[in-house]
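In: I need the structure of the sequence given here:
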Amino acid sequence: MLKIENLNFSYGDLKVLWDVNVEVTEGEIVTVVGANGAGKSTILKNISRLEKPGSGSITFNGVDIAKLEAHEVVEIGVVQVPEGRKIFPQMTVTENLRMGSYTRKARQNRDANMDRVFTMLPRLKEREKQLGGTMSGGEQQMLAIARGLMADPKLLLLDEPSLGLSPLLVKSVFAIISEISRQGVTILLVEQNVFQSLKIANRGYVLETGRVVLKDNGAALLSNDHIKKAYLGI
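Out: Numbers count the residues shown, from 1 in each chain. This is a model prediction of the structure:
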């Protein structure tokens, strides 16, 4: 479904991605893990066309993403849930969700998708008339993910969804991600929480200082000695 080949990227003179290769097959949860500053979010920004790669290629179902604008990437089914939630704080939950369904296809399915996210996340149904900015951090993260689902994604890009949440809420967020996958949405997840993300992932990539240093299925990476020592404190 998604193929990234030899992706290089620099912010000015600072190179942050070095010949990155990542693949995502339909139906998978694939995670890119690594420390803060490793370049994980930059990969997603390149996929979403929020940044333009210096070299390399990114294709989605055979379409060259480099030839598209950011809104066109959403229209072909690639939807990003940004780091830090980025909800509209002065809009209600329902208004935030409606903002996620601005493409023609998503507008046609708006009511069905609204029912879907309210069924999956009943807390949002309880808060449907509440302003987004008055909700807790965990509720805002649920809202951000639900807004992404309103766009009818074929591939959902999740950027640090557990950032700033309590351990209990982190478990809830990863349970939601697993449920989204079970409903047929392919997921590319970037995370600092190595244990939780590899636990639910079909496959994973370990990114260190802009380079992929390990790749394997999630269970194998969790048992890898380097992962245990560098990321899990074992």
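
In: look up phi and psi at Leu214.
Out: Leu214 has phi and psi values of phi -150, psi 150 when expressed as degrees, to the nearest 10.

In: out of everything not next to it in sequence, what's closest to it?
Out: Once flanking residues are discounted, Leu214 sits nearest to Val206: 4.0 Å by Cβ to Cβ, 6 or more residues apart in numbering. All C-beta atoms are positioned from the backbone trio N, CA, C, and that covers glycine.

In: same deal with Leu169?
Out: If the residues on either side of it in the chain are set aside, Leu169 comes closest to Gly138, at 3.9 Å by Cβ to Cβ, 6+ apart.

In: the one you found reaches Gly164, doesn't it?
Out: No. Taking Cβ atoms under 8 Å as the contact criterion, Gly138 and Gly164 are not neighbours in contact, 9.4 Å apart.

In: so which of these two has more stuff around it?
Out: The residue with the greater number of neighbours, taking Gly138 and Gly164 and applying other Cβ atoms under 10 Å, is Gly138; the counts read 18 against 14.

In: helix or strand for the more buried one, which one?
Out: Following DSSP states H and E, one finds Gly138 within helix 137-149.

In: what's the average pLDDT for that helix?
Out: Summarised as a single mean, pLDDT over helix 137-149 is 94.

In: one more: stretch 153-168?
Out: For stretch 153-168, mean pLDDT is 92.

In: how does this protein divide into domains?
Out: The record assigns the chain these domain ranges, following automatic domain parsing: 2-77+153-230, 87-151.

In: what distance separates the start and the end of the shortest one?
Out: Domain 87-151 has an end-to-end distance of 15 Å (criterion: Cα to Cα, to the nearest Å).

In: now the strands for this protein?
Out: For the chain, the strands identified by DSSP state E occupy 2-11, 14-24, 29-33, 55-60, 63-64, 78-81, 155-159, 186-191, 203-208, 211-217, in order along the chain.

In: minimum distance to Lys125: which of those strands has it?
Out: Taking Cβ to Cβ as the criterion, Lys125 comes closest to strand 78-81 out of the strands of the chain, the separation being 19.3 Å.

In: does anything pack onto that closest one? Which helices or strands?
Out: Helices and strands in packing contact with strand 78-81 are listed as helix 40-47, helix 137-149, strand 155-159; criterion 3 or more Cβ pairs under 8 Å, 6 or more residues apart in numbering; DSSP states H and E.

In: pLDDT weak spots in the protein?
Out: Scanning the chain for pLDDT under 70 picks out no residues.

In: let's see 80
Out: Applying pLDDT under 80 to the chain picks out residues 53, 234.

In: from the centroid of it, which residue is nearest?
Out: In the chain, the centroid-proximal residue (Cα atoms, centre = their mean) is Leu158; its distance is 1.2 Å.

In: for Val63, list each beta-bridge partner.
Out: Taking DSSP bridges as the rule, Val63 bridges to Phe60.

In: ok, Ile187 next?
Out: Beta-bridge partners, per DSSP bridges, of Ile187: Ile29, Leu156.

In: lovely, talk soon.
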